[in-house]
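> A predicted structure for the sequence below; I have some questions about it.
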Amino acid sequence: MLAGNLGPQRRSSLGPRFESRWAHHLSGFARFPPHGDGILRCKQPISSRQSSHKAATEFYTGNHGHIQGCTPILRGEVTMRILNLPPLSLLYLLIVLCPIAAYSEENLSPVPSYAQARAEYEANSKPDKLSEQEMAVIQRSADELAEKLPHPGIRVGERAPDFTLPNAFGEPVSLSSQLVKGPVVLAFYRGAWCPYCNLELKALHGALPQFERLGATLIAVTPQRPDKSLEQVRKDKYPFQILSDLDSTVMRDYRLYFTVPDELNHLYQESFGLDLATYNGPGRYELPVPGTFVIDRSGIVRAAFADTDYKKRMEPADIISALQSIATQGSGTKELP
C-alpha cells in the first residue's frame, strides 16, 4: 500500500496543470471527488497488461490523504505488483508520485495549539501584582458579564449576518464577497493590547495553510481602529484580513457585544496603563466576547465557540475538523461548549 499524508483537503491542490498533464497517463487523476473518510484510493488494480495510458491507478482523495489499495512506494515498499508494471507505466507512476511525496512532507507539520501556547505564556509570565480589591473588581466584572451573556454568540445553524467593514488598509471587505470563494473562519478578538488575542491570532496564522487547503478564508474582526490593526499586520506579517467594527454593529449582530464597566475601565487605566479609547476611538469602551464561527458558503454557521472567559478560544484543530465536515459531507454542524 502507498502511504502518504496529503493533509486535510477536499481535492488535490497540486494544480490544474498537474491534473491535466497527467490525467491521460493515469486514469482518473483529473478528478478528485471527496469520499468523506479521508482515504485516497486506487480504484483499478494494477496489471502488467494495462497500457501506459491506463496503467497504475485511479486516485480519489478525501481529507486525510491516507492511500489505500496501492503499493507503499512513498515508504519504499515496492511490491511485485508495481514491479510487474511495464517500464513506461512505472516511470509515469514515479513521476506523478514524486510531487505527492514532496507535498506529503510539507503537510507533516502539526496543527498549532492555542491551549499549549496559552500554557507556555502563563508559565513564563510574571503574575500581575494586584490588590485584593482590584482582584475583586475583575471577578465581579467577569461574573456580571457571564450573567448578562450566558450563551454569547450566534448559534450553529443560524445564518451569519452579512457585513462590510474596513480592513487594516481602510479598504471595505464584506463577508458575502469572501463566502463566494468558500467557507469563512470568522474570529472576533478584543484588540492588539490583549495577550490572549495575540496568542490566538498567531495560532490561527499557523493553521492558515490547512484552512486554505480546505478552501476556507480567515477573517478577524476587532473594535480597534484600522491603524492599530495595520500595526499588527506589519509586525506579525499577517496575510489574512483584519477588519474594524468601528460602531460595534457587527459585534451586536453576532451577540458578542458588551460595554466595559466603569470600575473595570478605571482599573485598566490605573493598574495596567490601558485606555481602550486609544485603540477603539474616543469614548468607545466596548468589546466583543471572543468568539469564532465557521461559516459555510451558503452563509450558515457550521461550528461556533464563544466564552465570556476571554482566555478561552476555539482550537485550530476544531476549526479544521469543522471545515473537513463542510468539505466532505456538505452537512452537519458542530457546536463547542
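Received the coordinates, thanks.
> for the closest residue to residue 180 other than its chain neighbours, what are its contacts?
Leaving aside its sequence neighbours, residue 180 sits nearest to residue 297 (CB to CB, 6 or more residues apart in numbering; 7.7 Å). Glycine gets a C-beta too; all of them are placed from N, C-alpha and C. Neighbouring residues of residue 297 by CB atoms under 8 Å, 6 or more residues apart in numbering: 179-180, 182-183.
> So, low pLDDT: which residues of this protein?
1-108, 330-337 (pLDDT under 70).
> Now do the helices in it.
16-22, 80-83, 87-106, 114-124, 132-148, 175-179, 195-213, 226-236, 249-253, 262-271, 276-280, 316-328 (DSSP state H).
> most tightly surrounded among those helices?
Each of these was scored by mean neighbour count; the highest is helix 316-328, a mean of 23, by mean count of other CB atoms under 10 Å.
> what angle separates that one from helix 114-124?
Interaxial angle, helix 316-328 versus helix 114-124 (axes from the mean of the first three to the mean of the last three CA atoms, to 10 degrees): 170 degrees.
> Show me what helix 316-328 is packed up against.
Using 3 or more CB pairs under 8 Å, 6 or more residues apart in numbering; DSSP states H and E, the elements in contact with helix 316-328 are helix 195-213, strand 291-295, strand 301-306, strand 334-335.
> can you redo the helices of the chain as TSV with distance to residue 289?
Putting these into TSV (distance: least, CB to CB, whole Å) gives the following:
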stretch	distance to residue 289
helix 16-22	42
helix 80-83	56
helix 87-106	36
helix 114-124	16
helix 132-148	8
helix 175-179	19
helix 195-213	12
helix 226-236	19
helix 249-253	9
helix 262-271	14
helix 276-280	15
helix 316-328	18
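> which stretch among those helices comes nearest residue 165?
helix 249-253 (6.5 Å; CB to CB).
> Could you name the helices and strands sitting against that closest one?
The contact analysis (3+ CB pairs under 8 Å, 6+ apart) places helix 249-253 against strand 286-288.
> Neighbouring strands of the strand it packs on in the sheet, and parallel or not?
strand 257-259 (antiparallel) (DSSP bridges).
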